[in-house]
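Q: Coordinates only, no sequence provided:
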């Protein structure tokens with residue numbers, strides 16, 4: 001077997017669910033399978049399987065890879081010096097397009113973020129976001145990733161993510177830091 005990008009070789013010590021990249025389809029990786037960890041971003045692992053395809057594994061399943069849960073997927077602590085909106089934006093910055101090593105906020109994919117109190121208590125977060133390409137197979141996966149990470153925040157009871165394509169995303173929407181990181185400056 002080859003090593004993709006010099007990744008760390010590990011054997012799964014239990015069956016593990018993942019999402020195949022870039023198709024966005026669910027994938028079950030079997031106990032005892034050898035994979036290569038190619039990157040860890042936003043608390044998510046990207047692995048290459050022995051068959052050559054890439055799979056994204058939630059950091060909460062790090063034990064299946066013999067790894068520690070990344071800090072971005074550990075319990076979120078609320079402190080008095082941050083607002084709930086600050087924490088929501090911090091969580092959004094832990095969400096990455098699996099094919100681009102820049103978070104979705106710096107990529108300019110988040111168009112709108114609203115926090116709304118719920119009558120029964122707690123908060124609903126409503127996000128309008130776009131994708132770098134309308135046909136991206138990872139759109140639903142990104143939506144699910146965002147929802148999961150937002151409802152992990154104490155006090156957030158629900159998250160609704162809407163994909164919008166007007167205005168269409170273009171590279172000028174990226175932050176200066178993102179353009180620098182991607183070598184576009």
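A: Noted; the coordinates are in hand. Everything numeric here is computed off the predicted structure, so don't read it as measured data.
Q: Please count neighbours and contacts with C-alpha atoms only from this point.
A: Will do.
Q: any idea how far the residue nearest in space to the middle of the chain is from residue 65?
A: Centroid-nearest residue in the chain, with Cα atoms, centre = their mean: residue 95, separated by 3.4 Å. Separation of residue 95 from residue 65 (Cα to Cα, to the nearest Å): 20 Å.
Q: try residue 78
A: Distance from residue 78 to residue 65, by Cα to Cα: 29 Å.
Q: can you check residue 172 too?
A: On the measure of Cα to Cα, residue 172 and residue 65 end up 37 Å apart.
Q: Look at these two and report which has more neighbours.
A: Neighbours per residue (other Cα atoms under 10 Å) separate residue 172 from residue 65, with residue 65 holding more: 26 against 10.
Q: where does residue 7 land on pLDDT?
A: At residue 7, the model reports a pLDDT of 75.
Q: hang on, it packs against residue 38?
A: Yes - the pair residue 7 / residue 38 is scored as a contact, 4.5 Å apart, by Cα atoms under 8 Å.
Q: Helix, strand, or coil at the residue located most distally from the centre of the chain?
A: Here the chain reaches farthest from its C-alpha mean at residue 119, the gap being 29.3 Å by Cα atoms, centre = their mean. The three-state label for residue 119, taken from DSSP: H, G, I helix; E, B strand; the rest coil, comes out as coil.
Q: Touching, residue 71 and residue 43? I think so.
A: Yes - between residue 71 and residue 43 there is a contact under Cα under 8 Å: 6.7 Å.
Q: quick one: which of those two has more around it?
A: Set residue 71 next to residue 43 and count neighbours by other Cα under 10 Å: residue 43 wins out with 21 against 11.
Q: ok, that one - contacts?
A: For residue 43, the contact set (Cα atoms under 8 Å, 6 or more residues apart in numbering) comprises 58-59, 69-73, 94.
Q: okay if I get those as CSV plus pLDDT and distance to residue 104?
A: As requested, those are exported to CSV (pLDDT from 0 to 100; distance: Cα to Cα, whole Å):
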residue, pLDDT, distance to residue 104
58, 93, 17
59, 93, 18
69, 93, 21
70, 93, 18
71, 90, 18
72, 89, 15
73, 90, 17
94, 94, 8
